[in-house]
Structures are given as C-alpha cells and as structure tokens.
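**Student:** below: sequence and its predicted model.
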Amino acid sequence: MSLLRQSRNILSNLKAKSLAKRLMHFKFEPDNPSTNLGPTENMNYLKALTNAMDISLENDPTAIIFGEDVAFGGVFRCTVGLREKYGSDRVFNTPLCEQGIVGFGIGAAVAGSTAIAEIQFADYILPAFDQIVNEAAKYRYRSGGLFECGKLTIRTPCGAVGHGALYHSQTPEAYFAHSTGLKVVIPRSPIQAKGLLLACIRDDNPCIFLEPKILYRAAEEEVPVGDYTLPLSQAEVLREGSDVTLIGYGTQIHVLKEVAELAAKDGISCEVIDLVTILPWDADTVCTSVSKTGRCVITHESPVTGGFAGEVAATIQKECFLNLEAPVERVCGYDTPFPHVLEPFFMPDKWRCLQAVKNVVNY
Amino acid sequence: MSYNATAKFLQRVLCKQPLGVRTYSVEATFPIKPIDTHKLENTPATEVQINKDDAISYYTKMQIIRRMELKADQLYKQKIIRGFCHLYDGQEACCAGIEASLTPKDDVITAYRAHGWAYIRGVPVCNILAELFGRKLGCAKGKGGSMHMYSKNFYGGNGIVGAQVPLGAGIAFAHKYRNSDTVTVACYGDGAANQGQIFESFNMSQLWKLPAIFVCENNRYGMGTSVERASASTDYFTRGDYIPGLRVDGMDVLAVREATRFAKEHAVKEGPILMELVTYRYHGHSMSDPGTSYRTRDEVKEIRQNLDPIMNFREKIISAGFVTKQDVATIDAEVKQHVENETAKALASTEPDFDQIACDIYVTDTPLSIRSCNIYNQLHHQPSV
C-alpha cells in the first residue's frame, strides 16, 4: 500500500473536510482529557479508533480484526497500518457477506479470540441482524452459561453526513436496544471513542459500537496516548443546569451543547447528558437529573416512533412523575425513510431542539 | 417516464443518411469468444449475425452511457452530485448486450451500479442525471440519488449488496405463474456473489424452475478486493452448482447478446440459468475510491486500450462496412451534444418540495400524519402522484 497514495487520499479528504464543516449541522467543541490518563496527542475520531485497535492488537495476542476492505485501511481509513504492523493473519479482509462476517466473529469469539468485526456501514448490518440478535445476544443464556461470545465487538459507522441518502445514513441503535445480551455504545468524541472501544473490546459481552461517521474527521481533540478504558453503561453529565435536562448521544450531543448555550441567552439553564451506552443504559443519572430539573428533552437522529427516546421517556415518567413540570419532549428524525436532498429538514437540529426546550419551559 | 427523448434521438441517428451510409452493407457475421458452459448440453453460437441498424443502435447506446457516466464524474467533481455514486463505464456491453436479447416485457433488477441499466431500460439521460443531482425531474423524483433508478420493468437500483437477487427470483415467479414466455434478469457483482442470499435464491429458483437469468457482472473487484482474494471459486458461472451456467466475454456486446438469447430460451423452457459476464470497471468502486490502490494504472490502461467494449465494437462496425469513420465521428459528436442537452435539462430542474419527505411511505385512504421532530408540527402523508 503506497504511502504516497494514502497521503493523496488524505489530502483530498482534507479538501472535503473544509466543505463538510461548512455544511455540518453542529459544531464540535473538544473536551479536556482527564489529567490522570497521562500524555496526550491531537487525534481525530478515526485516529483515536485506530489507536485503540492498535493497543488491542498489541496487548492481546488473540485479537483479530476483519471486515470488508479493512486490510487496506477500510473505506473510512479506520484500520490504516494495522495489517502492516500485525500481519495479515490478524487483520484481514472478508468477502462482502455481513451475515457471514458476524457469524464468523461469534465463532471466533466463542473459540477464545478477541474478535473485532467491522461492518462497513451501519445500514449494511441488517443482513447480519439474525446472527446478532438470535445468536450473539443470547449465546450465554441459551447455553446456560456454557458458551458466550463476549469477546465479539462489532464496529460500524452510522449516522447522517449530509448526502448519504437512504442506504448510508441510518443509525440502527433502536433495533438492537430490543435485544438483551448485547451492549450498544455510541461515543461522541475521540477521547470517548478510544476509551469506549477498548472497554467494549475487553467487555465480556458482545458489543455493538456505533461510530457517527460525520465525526471521523470533524471531531479532533487531545487524546491520551496510553491504554485506558471508559465505563460502559454510565451516562455523563456534560453541563449542569437547573431548568431542563437535555439527553442525547453521538453527534446529537454537539447539537445539544450548542442548544444549551442558546437557551442560556434566554435565561434557561440546561443540563446536558450524554447517554453514551444505549444498552444497558444508565437510568439513574438521567432520572436524578430530571428529578432536579423537572423538564426533559430527548433527541436522536433515528425516526421518532420506536426510537430509544421512547424508552427513556417511559422510564422518566415512571420514576420522575411527581417531579415533572412538563411532558417529556422528543426531538428525533421523522417517521420517514432517510431522505436524500431533504436531509436538512429531517435532522433534529439545534433550532428544533431549542424549540422543544422552549416548549417544556413554557408548558 | 417515457422512452421518448432517447427513442427520438436514436431514431434520428439511425435514419440520418447525410453521408450516404445506406449504400454500405446491411448485415455481417462476427465470431465471438467461445462461451464456457456449465451443465449444458447445447452451447450458444460462436458466430453471430447482426444487421446495420441494430449495430448502430448498440454503438450509440453504449456511447451514450459512457458519455453520461463521464458527465456524472465531472459533475461529481464540481459537487453538483453529492454522496454515493457508482459509475458503469467499462461495463456498457453488459447491459446493452442483455437488453438486445430482451423484450420490454422482460424484467431486470440490479444493484447500485444502475445508471447504465436505467438508461438501457428506457430512462432518458436527463432523468438519470436529475436523480443524481437530487432534482424533481429524477426518475425517483430526486428522492434517492444515485442507485435509486427505477422504471417500468426495471425494479432498481438496490443499495445492499446482493439483496436484489432474491427479489429477482420472486419477480421470475410472476412470469412463470402467468405462463408468459418472459424472463427476469437479476444482476449482481462478483462481490455480491459471496452473499448467502444469492444461494438461497438459486435454490428456490431451481426448485420451482423459475424463468430467471442470474447475471454475475464480474468486474474483477468487489470494492477494493480482487476476485481471487474474495472468492474460493472465481468460476462464477459454475457457482449455481445445479444451475447451468455460461461464462461470456462481457466486453463484447455481441457475445452478451448471443449468450442472453440462449439463456432466455433456456430459462423459459427449463428454468434458471447463470451467466457470468467478464467485464471491467474503469472507475473505482464509488466516487470516494480512486480505484488505484488495489490495481495498477497499467492494468486499467491496458484494458482501455485492448478490451474497451465501445472501441472494439466501433472497429467491428467499420470493418463490416456499416459505417465509415466519418459516420462514427458524427454519431459521437451527436451523442456528446445529446448528453450536454440532457444535462442542461436536468440542471434546470429544482429540488423536490418539502412535502415530498412525507410522500410515498404508505398507501392510505384516510389522512395519515407522519410523526415529526416535534409534536406540534406533524407532517401530513401525501398520496403518491
């Protein structure tokens, strides 16, 4: 693989990046890494993922990475250089067969390997739905604890990028949220991506790791270079506030942070919570917050009906009923297929979220 | 959607006699590369006869597809087309050759590399380009973009690798059920040939003797992986096991036409048949793939020089005396102008109206509200128009 060609690709990506930034519906603000995680380096979301996989391959001799075109670095360049470093018996291409990829991953994991599978787009994960839902999620339960594929992690790029249309924009978290036995994680930033991917890889349950692909190059921050994990199933309060709790995950967090800024100008104090893990999710952090604020807006890109916001809202109304000052608002994608040029109308952008904040405050 | 624009254009090209082409020969016979067969007693012919009008029509259509794809490439670089876009240049003889042995009543379904197919099945260039731009004039009303190509008896345009093949079997069942002598052509690539769904479709088709032609357009790379790296057997024409197969030179429109004629006869009488078309794509897998990291520039150049379906066919029709070099230059110039005109038409179209976002989701007699981002502002489902 010629470095020259790669750098050419990167150059053209840079050009694309400046355009993408102009069209993006959110603003990425870097986080400060925790000081006890040691020295840091500027990394984008992609590099943070590559770095996490590098650490896994280095420290765990049973770790393998496979998927469509991953040996060449993958279509999004997440696995660049790993085959060269660890050999083609550990980082290898599969044919185009998602059901086979996941099934193979379950087999490799149950036989003792740390299996890191890539499904090229989250939209393509559906041919593997059966393997994930019936086989992976329930292996431990249906064998009475004799077998499990906890060492399986499925990475997949998801979400809107501005022009992906029907087959390259979806985020299927809600389908998997219905399958106990899985863990479903969506990191919002490079620091999170690295720490959570390492956590998923080491977690003893099959994990689906959804990567909002618009963040791959748009999100850049100082990331600790060492080995660290971040806790799964633990939501994070990113901003404290007293009037409204804003809940989201992935790209929507960056939308919500901006909404909180905008609302502050109107004297509304917002608490922003990144759910981080969709399954099993951290209801405590959410309910503690909503009990305090009494108002809540939940947002995700996927369509509203059957979306995960519904589950969060149901839990909130049960746990915080007497504290609620207004009905829980959901700001999500429409109940339509993911549109092509009409994508900007579909997106739960900051203005819609802000409107929802005003609705709950003025209720 | 009508054939009109294209049909009129072709008619004009075919009927023009300014250069006195009518005095040349009207029929010729060409040898084609031997077609490999699997589990077949009869074999397709090794020589094919072709008349002048057909020859010029194939040439013109392939050239239009080529020009259209190059235009799409150019417009993509100008950012008029965004997102995903898979070009067909290099593979023109596949769709042109198959279509030449089909009737409009036969059905075709293919994957995401669908522009050439949409055109050959009757979608005018302006509707294809408009779809790529996401404009109203697009063949899917601009709602899908690239790969969302559909027209009568052309079932798309499908984005998930291999997913269209079982649909093809289902469509073939309809032909059998109606007892018509028509077939369904279900196309997939060498990459999709390794998807499990393909084998499920083979089994059902053979079990129920469906009039299906499974076409593997083997362009040698499934995204960035060469066939040898991805397939335990690269003899794709034999991979239907119990289904007979043909391996055809997919760079020769006449070989593809002859193989399809044979396959259609077989499919109607006996049941499914597999056809591997050995071809090549000049562009990368999609616009984000420069197509040079997993194959050499020399390889692409060599195929362009020696195996190009359009160049080679041009030589043939000149050598047969159907046309002169001058005639070909005239056709090429007209094709170029035609694509320019169609591009202008497509560019003049506007983006779909906002209410289209809630259109074509359900068929419903009662008004249906589509849940939107906030409960105070629901969308109303629009009936399809």
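**Tutor:** Nice, I can see it.

**Student:** need the residues of the stretch 101-250 of chain A near chain B, please.
**Tutor:** A:123, A:124, A:126, A:127, A:161, A:162, A:163, A:164, A:165, A:166, A:167, A:168 (CB under 8 Å from any CB of the partner chain). Backbone N, C-alpha and C define where each C-beta goes, glycine included.

**Student:** farthest-separated two in these?
**Tutor:** A:127 and A:162 (25.5 Å; CB to CB).

**Student:** the residue in the stretch 151-300 of chain B that chain A sits nearest to and residue A:124: what is the separation?
**Tutor:** When scored by CB to the nearest CB, the stretch 151-300 of chain B has residue B:159 as its residue closest to chain A, at 3.2 Å. To residue A:124, residue B:159 is 9 Å away according to CB to CB, to the nearest Å.

**Student:** same question, residue A:251
**Tutor:** With CB to CB as the criterion, residue A:251 and residue A:124 are 20 Å apart.

**Student:** which residues of the stretch 251-363 of chain A lie near chain B?
**Tutor:** Going by CB under 8 Å from any CB, the residues of the stretch 251-363 of chain A near chain B are A:303-305, A:329, A:331-337, A:339-342, A:345-346, A:348, A:352, A:355-356, A:359.

**Student:** now which of those would you call buried?
**Tutor:** A:303-304, A:329, A:331-337, A:339-342, A:345-346, A:348, A:352, A:355-356, A:359 (16 or more other CB atoms under 10 Å in any protein chain shown).

**Student:** returning to what we had before: neighbour count for residue A:251 and residue A:124, which is higher?
**Tutor:** Between residue A:251 and residue A:124, counted using other CB atoms under 10 Å in any protein chain shown, the more crowded position is residue A:251 (29 against 22).

**Student:** look at residue A:127 and residue A:162 and report which has more neighbours.
**Tutor:** Neighbours per residue (other CB under 10 Å) separate residue A:127 from residue A:162, with residue A:127 holding more: 22 against 16.

**Student:** nearest residue to the more buried one in space, please, no chain neighbours.
**Tutor:** Nearest non-adjacent residue to residue A:127, counting by CB to CB, 6 or more residues apart in numbering or on different chains: residue A:98, 4.3 Å away.

**Student:** next: residue B:73.
**Tutor:** Closest to residue B:73 by CB to CB, 6+ apart is residue B:87, at 6.2 Å.

**Student:** hmm, residue B:128 and the one you found touching each other?
**Tutor:** No. Using CB atoms under 8 Å, residue B:87 makes no contact with residue B:128, being 11.8 Å away.

**Student:** show the average pLDDT along the helix or strand harbouring residue B:175.
**Tutor:** Using DSSP states H and E, the element containing residue B:175 is helix B:164-177. Mean pLDDT, computed over helix B:164-177, is 95.

**Student:** okay, buried residues for that helix please.
**Tutor:** Buried, per 16+ other CB under 10 Å, within helix B:164-177: B:164, B:165, B:166, B:167, B:168, B:169, B:170, B:171, B:172, B:173, B:175, B:176.

**Student:** of the residues you listed, which is the nearest to residue B:333?
**Tutor:** residue B:164 (36.3 Å).

**Student:** could you tell me the phi and psi values at the closest residue to the closest one other than its chain neighbours?
**Tutor:** The shortest distance from residue B:164 to any non-neighbouring residue, by CB to CB, 6+ apart, is to residue B:158 (3.9 Å). The phi/psi pair for residue B:158 (degrees, to the nearest 10) reads phi -140, psi 140.

**Student:** quick check, pLDDT for residue B:158.
**Tutor:** 92.

**Student:** then residue B:266?
**Tutor:** Residue B:266 is given a pLDDT of 98.

**Student:** give me the neighbour count for it.
**Tutor:** Residue B:266, neighbours per other CB under 10 Å, totals 21.

**Student:** that one: helix or strand, and which one exactly?
**Tutor:** Residue-wise, residue B:266 maps onto helix B:253-269 under DSSP H and E.

**Student:** compute the inter-axis angle for that helix and helix B:164-177.
**Tutor:** Relative orientation of helix B:253-269 versus helix B:164-177 (axes from the mean of the first three to the mean of the last three CA atoms, to 10 degrees): 60 degrees.

**Student:** who does helix B:253-269 touch, helix- and strand-wise?
**Tutor:** strand B:47-51, helix B:52-77, helix B:92-100, strand B:212-218, strand B:245-249, strand B:273-278, helix B:309-319 (3 or more CB pairs under 8 Å, 6 or more residues apart in numbering or on different chains; DSSP states H and E).

**Student:** list the buried ones in it?
**Tutor:** In helix B:253-269, counting by 16+ other CB under 10 Å, buried: B:253-268.

**Student:** what do you get for stretch B:348-363?
**Tutor:** Result for stretch B:348-363 [16+ other CB under 10 Å]: buried residues B:349, B:352, B:356, B:357, B:358, B:359, B:360, B:361.

**Student:** in contact with the first one, which residues?
**Tutor:** If a contact means CB atoms under 8 Å, 6 or more residues apart in numbering or on different chains, then residue B:349 has B:130, B:133, B:135, B:136, B:137, B:138, B:142 as its contacts.

**Student:** alongside chain A, which residues does the stretch 101-250 of chain B contribute?
**Tutor:** B:112, B:134, B:142-148, B:159-163, B:191-192, B:194-197, B:222-225, B:229-231.

**Student:** give me that answer again for 10 Å
**Tutor:** B:112, B:131, B:133-135, B:138, B:140-148, B:158-163, B:189-198, B:222-225, B:227, B:229-232 (CB under 10 Å from any CB of the partner chain).

**Student:** just those residues: which are in strands?
**Tutor:** The strands, defined by DSSP state E, take in B:189, B:222, B:225 from these.

**Student:** could I get the residues you listed as TSV with pLDDT, neighbour count and distance to residue A:177?
**Tutor:** Shown next, in TSV, are those (pLDDT from 0 to 100; neighbours: other CB atoms under 10 Å in any protein chain shown; distance: CB to CB, whole Å):
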residue	pLDDT	neighbour count	distance to residue A:177
B:189	97	29	33
B:222	93	25	32
B:225	89	22	33
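
**Student:** those helices in chain A, which residues are they?
**Tutor:** A:3-23, A:45-59, A:82-86, A:98-110, A:129-130, A:139-142, A:173-177, A:190-202, A:215-218, A:252-265, A:283-293, A:308-319, A:343-346, A:350-361 (DSSP state H).
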